[in-house]
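[1] Below is the sequence, then the predicted model.
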Amino acid sequence: MNRRLPTDTDDGMLLIISGPSGVGKTTITRGVERGIADSVFSVSATTRPKTASDVEGVDYHFVDDAEFCHMIENDAFLEWAEVFDRKYGTPRKWVREQLSRGRLVILEIDVEGAKQVKARMPEAFAVFVLPPTEQELLDRLHKRKREPEEQILKRFAEAKREIAEAQASGAYDAFIVNDDLDRATADALRLVTEQRAAGRA
Ligand code: 5GP
């Protein structure tokens, strides 16, 4: 239930973080979450299979196709998109509740999803994380040893397409180059803090 508390404020902020696979956006996202006391990470629903490093309810809510379709029919998503042939969606009600409590709500979503959110909530602040170079991104995808070679090449091609789409979309307020994780995380934290202060002024 969305019951307001006496301490609730109206200065919640919606932060979108996107970037291609392997660019380090999850590390940056978690860094922003740790660095901002009242921030919360939005746990998406997905139909992709759970990997060994995933924790149910922390990284994603893992659901089957039927359940995801049911959620679409019930208008449960603020946005949803298909990425690598799997569906991913942001829980609408939870995000609204957190925003009404004045929290910084972090969505780690793809470009399609970011475009949908920005169309509905233009006040959302959207950041896209870029690799220093394409070659560096390919090397990182290899190094994390998460997928077989064929999948890596698919993700690499998709990454190049996604970067071009992000740049052309007009949905992003800032682009951060991740040539150093600590610096990129600090950049993200600074941008978010400045943006939030501007929103409060
Ligand atoms: P992964 O399966 O590697 O965790 O995520 C694949 C892609 O799906 C990433 O680009 C990630 O940002 C995106 N993604 C994760 N959750 C959502 C979501 O709720 N909505 C959308 N549109 N994309 C998502």
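    The structure has been received and is ready for your questions. Residues are numbered from 1 along each chain as shown.
[2] And the pLDDT for whichever residue of the chain sits closest to the ligand?
    Across the chain, the shortest distance to the ligand (CB to the nearest ligand atom) belongs to Gly113, at 2.4 Å. The way it works is simple: take the backbone N, C-alpha and C, and place the C-beta from them, glycine included. At Gly113, the model reports a pLDDT of 98.
[3] swap in the one 3 residues further on?
    For Gln116, the model assigns a pLDDT of 97.
[4] Once you drop chain neighbours, what's closest to it?
    Nearest residue to Gln116 in three dimensions, chain neighbours excluded: Glu79, at 3.8 Å (CB to CB, 6 or more residues apart in numbering).
[5] Ala126 too?
    Going by CB to CB, 6+ apart, Ala126 has Ile16 as its nearest residue, at 4.0 Å.
[6] Provide a list of residues in contact with that neighbour.
    The contact partners of Ile16, by CB atoms under 8 Å, 6 or more residues apart in numbering, come to 107, 109, 113-114, 117-118, 124-127.
[7] hmm, who's touching the host helix or strand of the residue nearest to Gln116?
    Per DSSP states H and E: Glu79 is located in strand 77-83. With contact meaning CB under 8 Å, 6+ apart, strand 77-83 is reached by 45, 68, 71-72, 87-92, 95-96, 109-110, 112-113, 116-117, 120.
[8] can you tell if the worst-scoring helix or strand of the chain on mean pLDDT touches the ligand?
    For the chain, using mean pLDDT, DSSP states H and E, the weakest element among its helices and strands is helix 134-143, scoring a mean of 91. No: judged by CB under 6 Å from any ligand atom, helix 134-143 and the ligand are separated, with a smallest distance of 10.9 Å.
[9] quick one: the very next helix or strand once past that helix to chain centroid distance?
    Of the helices and strands lying after helix 134-143 in sequence (DSSP H and E), the nearest is helix 149-169. Relative to the centre of its chain, helix 149-169 is centred 16 Å away, using CA atoms, centre = their mean, to the nearest Å.
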